[in-house]
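Undergrad: Structure for this input, please:
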Amino acid sequence: MGKIQSGRKTNYRWVICAMLFFATTVNYLDRQVLSLTFEDFIRPEFHWTDSDYGNITGIFSLFYAIAMLFAGRFVDWMGTKKGYMWSIGIWSFGACVHAVCGIVTEKMVGAENLALVADAEMVARIALISSTFFIIARCVLALGEAGNFPAAIKATAEYFPKRDRAFATSIFNAGSTIGALIAPFCIPPLAAKWGWEMAFIIIGALGFVWMGFWQFVYKRPEKNPAVNQAELAYILSDEATEEKLAEVAAPAEDEKKVSLWQSFKYRQTWAFIVGKFMTDGVWWFFLFWMPSYLKTTYGLASTDPKFQIALGVLYLIVMISIAGGYLPTLFVDKKKMEPYSGRMLAMLIFAFFPLVALAAQPLAHISMWWPVVLIGIAGAAHQAWSANLFSTIGDMFPKKMIATITGIGGMAGGIGSFLIQKSAGALFDYSDKVGLALFGFEGKEAGYMIMFSFCAVAYLIGWIVMKILVPKYKPIQL
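TA: Next up, the predicted model:
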């Protein structure tokens with residue numbers, strides 16, 4: 001089927017962006033089921049400590065990091081359509097597998113009502129076995145989820161010119177916020193009515209529905225009959241010459257290939273690695289630990305409407321981040337800045353906003369809404385930062401390398417998150433056990449003050465190192 005011959009360009013690229021948005025929403029719904037069932041459903045049944053939870057979320061992050069290293073390469077090899085299909089299929093299966101962890105644990109320990117077990121040795125065995133099976137399930141989830149952002153960033157690079165990529169990325173990346181926003185209102189009620197196992201199964205099944213739509217919706221723009229010549233010319237406007245448009249039917253097979261390990265020789269790769277390593281774990285810390293924070297600090301159950309509204313407000317504030325993707329476009333169009341420079345300036349601005357997290361714990365005793373609002377602002381800054389950080393890849397690397405570099409950066413972010421999750425779990429258990437006193441806070445409150453302080457300054461540190469590594473726009477020439 002030939003292309004639509006209309007002078008007015010079609011807007012099919014936004015259909016693709018919508019699909020990426022929904023996939024990312026499902027991704028974060030799946031990721032949130034554990035954190036929203038941990039305190040009220042899973043911890044009492046399996047006798048978990050904060051360290052157990054920190055180990056599970058930390059190993060998830062580490063396995064995600066390792067998988068990200070190869071996920072980008074896999075997506076580049078398989079192509080955007082097939083790569084994304086495999087990715088969401090695996091993570092949806094992994095999400096559903098969580099539901100059998102309790103059954104397997106019961107069989108192995110020979111007890112049915114695990115929550116009523118009081119023998120210390122048996123309690124320790126239940127915690128060890130159950131957490132081990134949850135780790136296995138989380139690793140399957142991580143293996144699939146590792147492909148989400150490499151595939152989404154690659155699809156964005158295929159369907160959007162550089163000037164619009166940060167905005168498009170901020171839109172689909174908002175799915176992570178929407179997923180986190182919806183989760184408190186649907187997951188705890190599902191767990192309360194049908195059990196935490198069904199919460200994993202129902203939410204996990206959403207990915208299989210998305211796969212059915214993706215199969216029919218996605219085609220490369222030059223082969224997509226829903227994309228007319230005007231839209232195709234706009235998509236390719238960064239290299240819009242008549243020769244390029246004539247050759248587009250035979251895309252990029254002749255480009256020089258760069259191996260995974262050769263990618264590490266570029267300073268641009270290391271700049272992206274630092275940006276992800278320093279900041280990804282901050283977002284995951286907020287995502288995994290804020291439900292527990294509300295429980296331990298204010299005694300709110302996950303089924304309490306006040307708990308759900310608090311997390312809802314937090315992630316509504318995070319939604320402000322959508323505007324962050326437009327800021328570099330404004331710098332490019334109005335200030336005539338080069339895209340990379342505009343993006344780095346926007347990221348510097350966003351790096352200052354997380355500093356408000358320094359006040360989250362000091363103001364927590366006044367009202368619960370202070371940490372909720374301040375962490376929401378920090379989360380919004382992260383998402384705006386992240387959208388622009390992802391877009392720097394398209395600025396500096398050829399399309400053939402985009403998913404690979406995204407995977408490398410995701411690996412770095414996963415390692416950073418592993419260190420934060422593992423440290424947080426150990427810190428909270430230690431501070432609670434010894435009554436740690438610091439900055440006027442005691443016990444877990446002191447632990448949260450330490451964690452919030454690191455989260456506040458991580459972005460400025462990351463930006464400074466990135467700027468040192470790549471002070472000016474310098475695209476990779478193969």
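Undergrad: only C-alpha atoms for contact and neighbour calcs from this point on.
TA: Noted.
Undergrad: how about low-confidence regions in the stretch 251-400 of the chain?
TA: Along the stretch 251-400 of the chain, segments meeting pLDDT under 70 span 251-257, 324-325.
Undergrad: For the residue nearest to residue 281 when sequence neighbours are not counted, give me its contacts.
TA: Excluding the flanking residues, the one nearest residue 281 by Cα to Cα, 6 or more residues apart in numbering is residue 417, at 3.6 Å. In this structure, residue 417 makes contact with 58, 61, 62, 277, 280, 281, 282, 284, 285, judged by Cα atoms under 8 Å, 6 or more residues apart in numbering.
Undergrad: what about 10 Å?
TA: Listed by Cα atoms under 10 Å, 6 or more residues apart in numbering, the contact set of residue 417 reads 57-62, 64-65, 276-285, 411, 423.
Undergrad: Please identify which helix or strand holds it.
TA: Secondary structure here is read from DSSP states H and E; on that basis residue 417 sits in helix 399-434.
Undergrad: What pairs with whichever helix or strand comes after that helix, parallel or antiparallel?
TA: Following helix 399-434 in sequence order, the next helix or strand is strand 437-438 (DSSP H and E). According to DSSP bridges, strand 437-438 has the following sheet partners: strand 441-442 (antiparallel).
Undergrad: starting at the chain centroid, how far to the helix holding residue 417?
TA: Here helix 399-434 is found 11 Å from its chain centre; the criterion is Cα atoms, centre = their mean, to the nearest Å.
Undergrad: gap between the most centrally placed residue in the chain and residue 61?
TA: For the chain, residue 176 is the residue whose C-alpha lies nearest the centre (Cα atoms, centre = their mean; 6.3 Å). Separation of residue 176 from residue 61 (Cα to Cα, to the nearest Å): 16 Å.
Undergrad: Kindly state the pLDDT recorded for the residue nearest to residue 281?
TA: For residue 417, the pLDDT comes out at 93.
Undergrad: Could you give me the buried positions within the helix holding residue 417?
TA: Neighbour-count burial for helix 399-434 flags 399-432 (criterion: 16 or more other Cα atoms under 10 Å).
Undergrad: ok, now stretch 348-364?
TA: Using 16+ other Cα under 10 Å as the test for burial, stretch 348-364 gives 348-362, 364.
Undergrad: how far does that stretch stretch from start to finish?
TA: Distance between the boundary residues of stretch 348-364 (Cα to Cα) amounts to 28 Å.
Undergrad: any chance you could map the helices in the stretch 251-400 of the chain?
TA: Using DSSP state H, counting those that start in this stretch, the helices found in the stretch 251-400 of the chain span residues 267-298, 305-318, 327-334, 339-352, 369-396, 399-434.
Undergrad: Please name whichever of these is nearest to residue 112.
TA: Across these, residue 112 has its closest neighbour in helix 267-298 (26.4 Å, Cα to Cα).
Undergrad: what's the angle from that closest one to helix 305-318?
TA: Relative orientation of helix 267-298 versus helix 305-318 (axes from the mean of the first three to the mean of the last three Cα atoms, to 10 degrees): 160 degrees.
Undergrad: Can you verify my assumption that residue 424 contacts residue 449?
TA: No: if you go by Cα atoms under 10 Å, residue 424 and residue 449 don't touch, sitting 11.1 Å apart.
Undergrad: ok, now which ones touch the residue nearest to residue 459 when sequence neighbours are not counted?
TA: If the residues on either side of it in the chain are set aside, residue 459 comes closest to residue 351, at 4.9 Å by Cα to Cα, 6+ apart. By Cα under 10 Å, 6+ apart, the contact set of residue 351 is 279, 345, 378, 381-382, 384-385, 456-463.
Undergrad: Now a PyMOL select for only the buried ones of these.
TA: Filtering the contacts of residue 351 down to the buried ones (16+ other Cα under 10 Å) takes a single PyMOL command:
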select buried, resi 279+345+378+381+382+384+385+456+457+458+459+460+462+463
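Undergrad: May I ask which two of the contacts of residue 351 are separated the most?
TA: Spatial extent of those (Cα to Cα) is set by the pair 345 and 456 at 18.7 Å.
Undergrad: Cross-check the contact I'm expecting between the residue nearest to the centre of the chain and residue 316.
TA: No: Residue 176 is beyond contact range of residue 316, at 11.7 Å (criterion: Cα under 10 Å).
Undergrad: In space, what's closest to residue 457 - neighbours in sequence excluded?
TA: The nearest residue in space to residue 457 (Cα to Cα, 6+ apart) is residue 355, at 6.2 Å.
Undergrad: Residue 111: how many residues sit nearby?
TA: The burial count assigned to residue 111 is 14, neighbours taken as other Cα atoms under 10 Å.
Undergrad: Correct me if wrong: it contacts residue 125.
TA: No: applying Cα under 10 Å, one finds residue 111 not in contact with residue 125, separated by 11.5 Å.
Undergrad: residues shared between the contacts of the two?
TA: residue 105.
Undergrad: For residue 391, give me its contacts.
TA: By Cα under 10 Å, 6+ apart, the contact set of residue 391 is 153, 156-157, 162-170, 325, 339-340, 343, 385, 402, 406.
Undergrad: Try it again at 7 Å.
TA: For residue 391, the contacting residues are 165, 166, by Cα atoms under 7 Å, 6 or more residues apart in numbering.
Undergrad: Just want the phi and psi numbers for residue 9.
TA: Per-residue torsions, residue 9: phi -70, psi 140 (degrees, to the nearest 10).
Undergrad: Let me know whether it touches residue 231 as I believe.
TA: Yes: using Cα atoms under 7 Å, residue 9 is in contact with residue 231, at 4.6 Å.
Undergrad: neighbour count winner among these two?
TA: Using other Cα under 10 Å as the criterion, residue 9 and residue 231 rank with residue 231 on top: 24 against 16.
Undergrad: Find the helix or strand that that one is a member of.
TA: Counting by DSSP H and E, residue 231 is found in helix 229-235.
Undergrad: and that helix, C-alpha only, in CSV?
TA: Below are the C-alpha coordinates for helix 229-235, written out as CSV (Å, rounded to 0.1, in the frame of the first residue of the first chain):
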residue,chain,number,x,y,z
GLN,A,229,5.3,11.9,2.7
ALA,A,230,4.8,15.2,4.5
GLU,A,231,5.0,13.5,7.9
LEU,A,232,7.9,11.4,6.8
ALA,A,233,9.8,14.4,5.6
TYR,A,234,9.2,16.0,9.0
ILE,A,235,10.4,12.9,10.9
